[in-house]
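[1] Fold the following, please.
(one chain, ligands or ions: 1)
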Amino acid sequence: MEFHEYPDREMMMLRVAQRIASELGESLRANGRATLSVPGGTTPGPVFDTLSGVELDWSQVSVVLNDERWVPEDSPRSNTRLLRERLLRDKAAQAKLIPLFANTPEPEAALERVIEGLVPHLPVSVLLLGMGEDMHTASLFPGADNLEAALGADAPPLMAMRADSAGEPRITLTAPVLRAAVRVHVLITGAAKRDSLERAAKLSPREAPIACVLDQAQVHWAE
Ligand SMILES: O=C1O[C@H](COP(=O)(O)O)[C@@H](O)[C@H](O)[C@H]1O
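    Alright, predicted model coming up:
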């Protein structure tokens, strides 16, 4: 793990957005296409604001969420809604959104279809992850019903996930997809998450799911 500490959040968000843009550019030049996978939640909005205005061949970029809460897009809890409002606008409106949500009562009913839509866009070129204070990343929560299977080397690319602390049912990329990403960044803020990250570095992915990518991650932190 490489740890980058920034003087403030504003500086961090800007630098991370620039770094992602540059890595997407490298992937576009090398492969003619790129896949960007991003978190939802409360942290990454400012990165999306900057990234959406960057000059890139966005028409060749596929964007996917790391995980989605099983709620319709008009819910304030929808990660897809955040993506549409903060990333898939301005220049980045040309990017192709790979949907994780479908309008079925439970994620299992849509899983096969969503996996079929995702697979042609793998591996992920640039992966930006968030982390909760409980050390979950994507929707890999400690104690979740399908965590063990999702951490396995033979896990399908996406799984449904339920955990007491997660609120609604979730759909999430699994460990093999996260670990196969070409570039991995983790974006966290505040003292509590820094403490969690330091703890996670000494725990197993089963205890601290973020640990499954830390050996290959660039971690970006600001108070
Ligand atoms: O529920 C989620 O939580 C994590 C962390 O979110 P944050 O609000 O603490 O930044 C996020 O990375 C994940 O995508 C989201 O679904």
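
[2] okay, CA-based contacts and neighbour counts for the rest of this
    OK.

[3] Leu65 touches Pro39, doesn't it?
    Yes. Look at Leu65 against Pro39 with Cα atoms under 8 Å: they come within range, at 5.8 Å.

[4] measure stretch 30-46 end to end?
    With Cα to Cα, to the nearest Å as the measure, the ends of stretch 30-46 fall 28 Å from one another.

[5] buried ones in it?
    By neighbour count on 16 or more other Cα atoms under 10 Å, the buried set for stretch 30-46 is 33-41, 44-46.

[6] Need these in JSON lines (columns: secondary structure, distance to the ligand and pLDDT).
    Supplementary listing: the buried residues of stretch 30-46 in JSON lines, determined by DSSP: H, G, I helix; E, B strand; the rest coil; distance: Cα to the nearest ligand atom, whole Å; pLDDT from 0 to 100:
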{"residue": "Arg33", "secondary structure": "coil", "distance to the ligand": "24", "pLDDT": "98"}
{"residue": "Ala34", "secondary structure": "strand", "distance to the ligand": "20", "pLDDT": "98"}
{"residue": "Thr35", "secondary structure": "strand", "distance to the ligand": "17", "pLDDT": "99"}
{"residue": "Leu36", "secondary structure": "strand", "distance to the ligand": "14", "pLDDT": "99"}
{"residue": "Ser37", "secondary structure": "strand", "distance to the ligand": "10", "pLDDT": "99"}
{"residue": "Val38", "secondary structure": "strand", "distance to the ligand": "7", "pLDDT": "99"}
{"residue": "Pro39", "secondary structure": "coil", "distance to the ligand": "4", "pLDDT": "98"}
{"residue": "Gly40", "secondary structure": "coil", "distance to the ligand": "4", "pLDDT": "98"}
{"residue": "Gly41", "secondary structure": "coil", "distance to the ligand": "4", "pLDDT": "97"}
{"residue": "Pro44", "secondary structure": "coil", "distance to the ligand": "7", "pLDDT": "98"}
{"residue": "Gly45", "secondary structure": "helix", "distance to the ligand": "9", "pLDDT": "98"}
{"residue": "Pro46", "secondary structure": "helix", "distance to the ligand": "12", "pLDDT": "98"}
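
[7] Greatest separation within these: which pair is it?
    Spanning the widest gap among the buried residues of stretch 30-46 are Arg33 and Gly41, at 26.5 Å by Cα to Cα.

[8] No further queries at this time; thank you.
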